[in-house]
Structure formats: C-alpha cells, structure tokens
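Q: What would the 3D arrangement of this be:
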Amino acid sequence: MKVAKNIKLEQLKTHGFKYGAREKFIYKTKENGLEARIYVDLQPCHNKNNHLYIESDSHSIPDKIINKIYDLTKEGLIEKE
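A: Now for the predicted structure:
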C-alpha cells in the first residue's frame, strides 16, 4: 500500500497519524497489551518514502490496524501499489 499521489501527509493527521522519531509519520495503537504501528518512512535515502509499513509486536495484525487501513483506503488516502 502507498499514500495516494494527490494526498499530502498532513491529511493523515485527521486519522491519528503524527510525526514520530526517526523520520517517520506514524499511527500507533495498543490492543490486548500489544503495540502496533502504521508508518510512512520520510527519510530521503529511501526511494519508496510514500509506502505504508505495518509493525506489530505479535505475529498477527490487530483489528484496529486492519480497520484503520480499511478507513484510509475507503477515503482514498491510500491505494494499492
């Protein structure tokens, strides 16, 4: 998944994204004591700085992250690559 071409990262702020450490625009959530994140890497050394990455403390993706991805896709903020 990636951020849609006509979308600015600032538009993701309305969905809980914030500027985080290490040049990342990040959304964090905690479910059942496990933290999960969706982020866009902003470092200029990466060619794919508009791609979304998902990290989770478990081997599965929490429902909150799946629902957030669904909402972002439905609103046209992210798209399939």
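
Q: Against which helices or strands is the helix or strand where Lys30 lies packed?
A: In this structure, Lys30 is located in strand 24-31 according to DSSP states H and E. Helices and strands touching strand 24-31, by 3 or more Cβ pairs under 8 Å, 6 or more residues apart in numbering; DSSP states H and E, are strand 18-20, strand 34-41, helix 63-74. C-beta: built from backbone N, CA, C; applies to glycine.

Q: quick one: low-confidence ranges for the chain?
A: 44-49 (pLDDT under 70).

Q: hmm, back to that, for the helices and strands packed on strand 24-31, which one ends up most surrounded?
A: strand 34-41 (a mean of 18; mean count of other Cβ atoms under 10 Å).

Q: thinking again about what came up before, mind checking which of the helices and strands packed on strand 24-31 is nearest Ile7?
A: Closest of those to Ile7 is helix 63-74, at 9.4 Å (criterion: Cβ to Cβ).

Q: what sits up against that closest one?
A: Identification of contacts with helix 63-74 by Cβ atoms under 8 Å, 6 or more residues apart in numbering yields 1, 12, 15-16, 27, 29, 31, 36, 38, 52, 54, 56, 78-79.

Q: in the strand holding Lys30, what's buried?
A: Neighbour-count burial for strand 24-31, counted by 16 or more other Cβ atoms under 10 Å, picks out Lys24, Phe25, Ile26, Tyr27, Lys28, Thr29.

Q: Make JSON lines out of those and add distance to Asp63.
A: Shown next, in JSON lines, are these (distance: Cβ to Cβ, whole Å):
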{"residue": "Lys24", "distance to Asp63": "22"}
{"residue": "Phe25", "distance to Asp63": "22"}
{"residue": "Ile26", "distance to Asp63": "19"}
{"residue": "Tyr27", "distance to Asp63": "14"}
{"residue": "Lys28", "distance to Asp63": "15"}
{"residue": "Thr29", "distance to Asp63": "10"}
